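**Student:** What follows is a protein structure lacking sequence information:
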């Protein structure tokens, strides 16, 4: 398998964590979204029609979108399972995962921030305020979900799930952007716990071959 990834992309980070947890090896291809490599014709036509990262290539099968990729990996390598099979456990994991992947990430990804700055003329301060606002909105919701339904050292129990795979990159990006996260006690407890796990360490942006300081 081949993974097309950008070291600082939180969606790519999710897939790297899932691969590491499952012990699946891939050939890594860095795609620099800062300079538009994800929009190059050969990438869009041959790898990912969505013009985004990550993308997984498994023989003749090509797949984009991190949650779809992780679900595919769960089918290929069920242990450890990241999306539970039991209906209510599955629903809880997807509820929290989607709160991050569908509510938080889309409004704060690179292309949205660039549009705010380059097209709408937002200042650096306004762009930072936008980012911090949606981080606060999102993590307040995630914290409430964890307080009501979370348990164990991970989001939901004694082993990581898709919820943790989504949470860790979002926290890492928020910290990188200077957001204050101390109010989200349960969120940060999960993040600190995950930060010591070998699979989460291996997936960190600084450990990727395309890392740029």
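**Tutor:** Nice, I can see it. Only a predicted model underlies this, so the values are computations on that prediction, with no experimental measurement involved.

**Student:** quick check: domain ranges of the protein?
**Tutor:** Domain assignment for the chain by automatic domain parsing gives 2-80, 87-199.

**Student:** Backbone dihedrals for the residue lying closest to residue 126 once chain neighbours are set aside, please?
**Tutor:** Leaving aside its sequence neighbours, residue 126 sits nearest to residue 116 (Cβ to Cβ, 6 or more residues apart in numbering; 7.4 Å). No exception for glycine: its C-beta is placed from N, CA and C like everyone else's. The phi/psi pair for residue 116 (degrees, to the nearest 10) reads phi -60, psi -40.

**Student:** Check the contact between residue 116 and residue 131; I expect there is one.
**Tutor:** No - Residue 116 is not in contact with residue 131 according to Cβ atoms under 8 Å; the separation is 9.3 Å.

**Student:** With neighbour numbers in mind, choose between those two.
**Tutor:** Set residue 116 next to residue 131 and count neighbours by other Cβ atoms under 10 Å: residue 131 wins out with 20 against 17.

**Student:** what helix or strand is that one on?
**Tutor:** helix 124-149 (DSSP states H and E).

**Student:** what's the helix or strand that that helix is followed by in contact with?
**Tutor:** Toward the C-terminus, helix 124-149 is succeeded by helix 162-176 as the next helix or strand (DSSP H and E). If you take Cβ atoms under 8 Å, 6 or more residues apart in numbering as the criterion, helix 162-176 is touched by 8, 10-11, 13-14, 17-18, 21, 67, 70, 82-83, 92-94, 96-97, 100-101, 104-105, 108, 135, 138-139, 142, 154-156, 181, 187-188, 190-191, 194-195, 200, 204-205.

**Student:** measure residue 57 to residue 72 for me?
**Tutor:** Here residue 57 is placed at a distance of 12 Å from residue 72 (Cβ to Cβ, to the nearest Å).

**Student:** swap in residue 31?
**Tutor:** 19 Å.

**Student:** Looking at those two, which is more packed in?
**Tutor:** Between residue 31 and residue 72, residue 31 has the larger neighbour count (other Cβ under 10 Å), namely 25 against 16.

**Student:** Looks like that one contacts residue 53 (just checking).
**Tutor:** Yes - between residue 31 and residue 53 there is a contact under Cβ under 8 Å: 5.2 Å.
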